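A.B. asks: everything below, folded, please.
(chains A and B)
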Amino acid sequence: MPVATLEVSAPLRMLHWLYPVLLLGCAYLIIPIIGTNYLFEAILLPFLALSLAGVGLNILTGYAGQVSLGSAAFLAVGAFAAYNFNLRVEGLPLIGCIVLAGFAAAAIGIVFGLPSLRLKGFYLAVSTLAAQFFVQWALTKFNWFSDNSASGVIDAPLLSVAGVAFNGAVRRYLFSLTVVTLLTLFAYRLVSSQTGRNFIAVRDNEAAARIIGVPVLKTKLVAFAISSFIIGVAGVLWAFTYLRTVEPAGFNLDRSFQILFIIIIGGLASIRGAFFGAALLVVSPLILSRLGSFLLGDLFNSGVLEMSQRIVLGVLIILFLILEPDGLVSLWDRIRKRTIARLKKR
Amino acid sequence: MSGFDWQFFLEVLIGGLLSGVMYSLVAIGFVLIYKTSGVLNFAQGAMLLFAALTFVSLVERGVPFALALIITFAVMVAIGIAIERVVLRPLTNRPPMTLFMATLGLSYVLEGAAQLLWGTQVHGLNLGIDDVPFEVGGIFISQFDFFAAAVAAALVLSLSIFFRYARVGLAFRAVADDQFAALAVGLRLPRIWATVWAVAGLVALVAGLLWGARLGVQFSLSLVVLKALPVLVLGGFDSVPGAIVGGLIIGASEKLAEVYIGEYFGGGIESWFAYVVALAFLLIRPSGIFGQKLVERV
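C.D. replies: Numbering: from 1, shown residues only, chains lettered A, B, ... in the order given. Predicted structure coming up:
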């Protein structure tokens, strides 16, 4: 009955937009009123930046199937490029700096994506580590990138767009939220476009993709470029809205793994997944530290905390890979479906 | 070329080759597991740290050297079996990349556990070998490096003999060749995997002790994996001779580059130089030096 499906699908499509719009409304209108400073500084700002980085990596790894272990390098490129554009180009507005920083990260991404034209799988994953080490080395070694500050530390400039200053936690949060929302929308459009389908085709079967006319080499490089662009912008948010003072050492291998873990836990090839994963990765250390000091008292010092965080993170990864390979997203969808079914029964 | 100091060049070269052997030692642990189960085991570095830290802590608590060695080995075997049961078995028939990510998680668990158990401070480790250079034909060679190279050579030799003649070794090769065929002739895959992980634990122990004596036993020990990865890319993930030759090439080129061209980059290039060498090589020969399977090319 085609008529019936049409009738059902119209409200369904409404529903499709309802949740994100509600969520955004809540994020823009309610959270700034009820949120505490701690909520913004310790949870929401890192959450937004890491989510965006997760979205970026998910495009490369989840959709295009190219595993990258060098995401932190692109975060760093974004952060340091935005800093330098802001410092060295007179009168360039902040938005311009961020966009140019994204392009800088994309350019570096293409360079380090070149091995993907010949390498696959583990060999490629290992070769992306080259980006990680090279970028970190270059930023520490050449003081020019950090305007000759000691050990490459940079301070975020004042954020202002069209005369409106984004100082203070709430305003920085709104700024970050806007950037993340725009890029996430772009990512949603991208993955359902022809380019996004090319990504999936290359991931699932390269030979088949080539036969049906997908330009495989170009697709891979485009994936690296777009992914690095988004991760680069996430790096700007990380440095400018969250930490405000960053050094190259902060963009180490652990950070790269953290972003990879976000998309594994959240769900590979799911834009929403990056947000779920980032939420868990930002919140769980905080809960763990509260819980640990509550249960063990003074025995639970910072060393023990750090080590138990590592263990919990590792166990989480293994558990998710074994029990829920599609990540929190599929868990969430299942729970939602079940609740809706139960509600309908009543 | 009259101004070129050949003796100095040789000294750097030999020093590089010997430190390359240390890289090979770590790389062999990877190769063993990759060959038999198709997993790139990122946790190899964490296993190395765990072994070295356990050994040092036991010795510091007054356990005799030999006994500490045996206990540590037993612990590593237990860990190997546990990994097989808890992590690998539920993940059979999953894509290799999933298994790789699981070993990433595993490395976090092992690093955390090792330091939670034994603390995070740096331990010195003395294997009773003086690190004094000796002279051969006017060239100074580090005694410790020489010893490490000898140990690595012995390890490789015994592993090759084991693979060639021992029954379990034959089973390893059968599994590496074709898992389904191996299952069909009645080999017990879980048991073989557990054994492989135990052997990898032994390799981690040996490598951990040598590296630990060199760098001190501490967290950064687990980062030697990052040195071994370009060696693997160069030599092929599934080749023991590849790991050796790759290690030698990486070790030598890294040292030579640091001495001769490092100054043009402001020094400190060893963190990424090995990767550049490996990538440049792969552009010419995508399967590595001795890699069996062809890397899928575009």
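
A.B. asks: so which residues of the stretch 51-200 of chain A form strands?
C.D. replies: Secondary structure of the stretch 51-200 of chain A (DSSP state E, counting those that start in this stretch): strands at A:154-155, A:160-161, A:164-165.

A.B. asks: ah, wrong one, I meant the stretch 101-250 of chain B
C.D. replies: Listed in chain order, the strands of the stretch 101-250 of chain B (DSSP E, counting those that start in this stretch) span residues B:133-136, B:139-142.

A.B. asks: from what I see, B:A46 and B:S107 are in contact.
C.D. replies: Yes. Under the criterion of C-beta atoms under 8 Å, B:A46 makes contact with B:S107 at 4.0 Å. Where C-beta positions appear, they are placed from N, C-alpha and C, glycine not excepted.

A.B. asks: so where is the stretch 151-298 of chain B shaky, pLDDT-wise?
C.D. replies: B:262, B:266-268, B:286-298 (pLDDT under 70).

A.B. asks: let's see it at 50
C.D. replies: Along the stretch 151-298 of chain B, the parts satisfying pLDDT under 50 run over B:293-298.

A.B. asks: show me what from the stretch 201-346 of chain A comes close to chain B.
C.D. replies: Selection of the stretch 201-346 of chain A residues close to chain B by C-beta under 8 Å from any C-beta of the partner chain yields A:206, A:216-217, A:253, A:257, A:260-261, A:264, A:303-304, A:307-311, A:313-318, A:321-322, A:325.

A.B. asks: which of these are buried?
C.D. replies: Of the members of these, the ones counted as buried by neighbours, 16 or more other C-beta atoms under 10 Å in any protein chain shown, are A:206, A:216, A:253, A:257, A:260-261, A:264, A:304, A:307-311, A:313-314, A:316-318, A:321-322, A:325.

A.B. asks: looking at those residues, which are in helices?
C.D. replies: Using DSSP state H, the subset of those located in helices is A:206, A:216, A:253, A:257, A:260-261, A:264, A:304, A:307-311, A:313-314, A:316-318, A:321-322.

A.B. asks: what is the burial count for A:G250?
C.D. replies: 19 (other C-beta atoms under 10 Å in any protein chain shown).

A.B. asks: pLDDT wise, what is residue 107 at?
C.D. replies: No chain was given, so I picked chain A. Note for A:A107: predicted pLDDT of 95.

A.B. asks: I was after chain B.
C.D. replies: pLDDT, B:S107: 91.

A.B. asks: contacting residues for it?
C.D. replies: By C-beta atoms under 8 Å, 6 or more residues apart in numbering or on different chains, B:S107 lies in contact with A:314, B:42-43, B:45-46, B:222.

A.B. asks: and B:K35, how far is that from chain A?
C.D. replies: From B:K35 over to chain A the distance is 13 Å, taken as C-beta to the nearest C-beta, to the nearest Å.

A.B. asks: hmm, B:F172 and that residue touching each other?
C.D. replies: Yes. If you go by C-beta under 8 Å, B:K35 and B:F172 touch, sitting 7.3 Å apart.

A.B. asks: my guess is A:I31 contacts A:L44. True?
C.D. replies: Yes. Counting by C-beta under 8 Å, A:L44 is a contact partner of A:I31 at 7.4 Å.

A.B. asks: identify the contacts common to the two.
C.D. replies: In contact with both A:I31 and A:L44: A:Y173, using C-beta under 8 Å, 6+ apart.

A.B. asks: the residue nearest to B:L205 when sequence neighbours are not counted - how many residues pack around it?
C.D. replies: Of all residues not flanking B:L205 in the chain, B:A51 sits nearest, at 4.1 Å (C-beta to C-beta, 6 or more residues apart in numbering or on different chains). For B:A51, the neighbour count with other C-beta under 10 Å is 29.

A.B. asks: and B:A51, what's its pLDDT?
C.D. replies: pLDDT at B:A51 comes out at 91.

A.B. asks: next one: B:M1
C.D. replies: pLDDT recorded at B:M1 is 46.

A.B. asks: ok, B:K35 and B:F172, which is more surrounded?
C.D. replies: Neighbour totals were compared for B:K35 and B:F172, and B:F172 leads with 24 against 21 (other C-beta under 10 Å).

A.B. asks: which ones are touching that one?
C.D. replies: Neighbour list for B:F172: B:35-36, B:163, B:192, B:195-196 [criterion: C-beta under 8 Å, 6+ apart].

A.B. asks: those residues in helices, which ones?
C.D. replies: Per DSSP H, helices hold the following members of the contacts of B:F172: B:35-36, B:163, B:192, B:195-196.

A.B. asks: quick check, nearest of these to chain A?
C.D. replies: Checking these against chain A with C-beta to the nearest C-beta, the nearest one is B:K35 at 13.2 Å.

A.B. asks: distance of that closest one relative to B:A154?
C.D. replies: Distance of B:K35 to B:A154, given as C-beta to C-beta, to the nearest Å: 20 Å.

A.B. asks: give the other helices and strands that the lengthiest helix in chain A contacts.
C.D. replies: Identified as the longest helix of chain A according to DSSP H is helix A:271-296. In terms of contacts (3 or more C-beta pairs under 8 Å, 6 or more residues apart in numbering or on different chains; DSSP states H and E), helix A:271-296 is packed against helix A:45-57, helix A:169-191, helix A:253-266, helix A:302-323, helix A:327-345.

A.B. asks: ranking those by burial, who's on top?
C.D. replies: Burial of the helices and strands packed on helix A:271-296 is given as mean neighbour count (mean count of other C-beta atoms under 10 Å in any protein chain shown); helix A:45-57 ranks first at a mean of 28.

A.B. asks: hmm, that one in reach of chain B?
C.D. replies: No. Figure legend: helix A:45-57 not in contact with chain B (C-beta under 8 Å from any C-beta); closest approach 12.8 Å.

A.B. asks: just the CA atoms of that helix, as PDB, please.
C.D. replies: Taking Å, rounded to 0.1, in the frame of the first residue of the first chain, the C-alpha atoms of helix A:45-57 are listed here in PDB:
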ATOM      1  CA  LEU A  45      33.900  22.500  26.100                       C
ATOM      2  CA  PRO A  46      36.200  19.400  25.900                       C
ATOM      3  CA  PHE A  47      33.100  17.300  24.900                       C
ATOM      4  CA  LEU A  48      32.300  19.600  22.000                       C
ATOM      5  CA  ALA A  49      35.900  19.800  20.700                       C
ATOM      6  CA  LEU A  50      36.400  16.000  21.000                       C
ATOM      7  CA  SER A  51      33.100  15.200  19.400                       C
ATOM      8  CA  LEU A  52      34.000  17.300  16.400                       C
ATOM      9  CA  ALA A  53      37.400  15.500  16.200                       C
ATOM     10  CA  GLY A  54      35.500  12.200  16.400                       C
ATOM     11  CA  VAL A  55      33.200  13.300  13.600                       C
ATOM     12  CA  GLY A  56      36.300  14.100  11.500                       C
ATOM     13  CA  LEU A  57      38.000  10.800  12.200                       C
END
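
A.B. asks: so how far is that helix off the chain centroid?
C.D. replies: 3 Å (C-alpha atoms, centre = their mean, to the nearest Å).

A.B. asks: tell me the angle of that helix relative to helix A:253-266?
C.D. replies: On the basis of axes from the mean of the first three to the mean of the last three C-alpha atoms, to 10 degrees, helix A:45-57 is oriented at 80 degrees to helix A:253-266.

A.B. asks: run through the helices of the stretch 101-250 of chain B in chain order.
C.D. replies: For the stretch 101-250 of chain B, the helices defined by DSSP state H, counting those that start in this stretch occupy B:143-165, B:167-177, B:179-184, B:189-215, B:224-235, B:240-260.

A.B. asks: next, the buried residues of the second one.
C.D. replies: Counting neighbours by 16+ other C-beta under 10 Å, one finds that the buried residues in helix B:167-177 are B:169, B:171-172, B:174-176.

A.B. asks: just want the angle from it to helix B:143-165.
C.D. replies: Using the same axes, to 10 degrees: helix B:167-177 against helix B:143-165 is 80 degrees.
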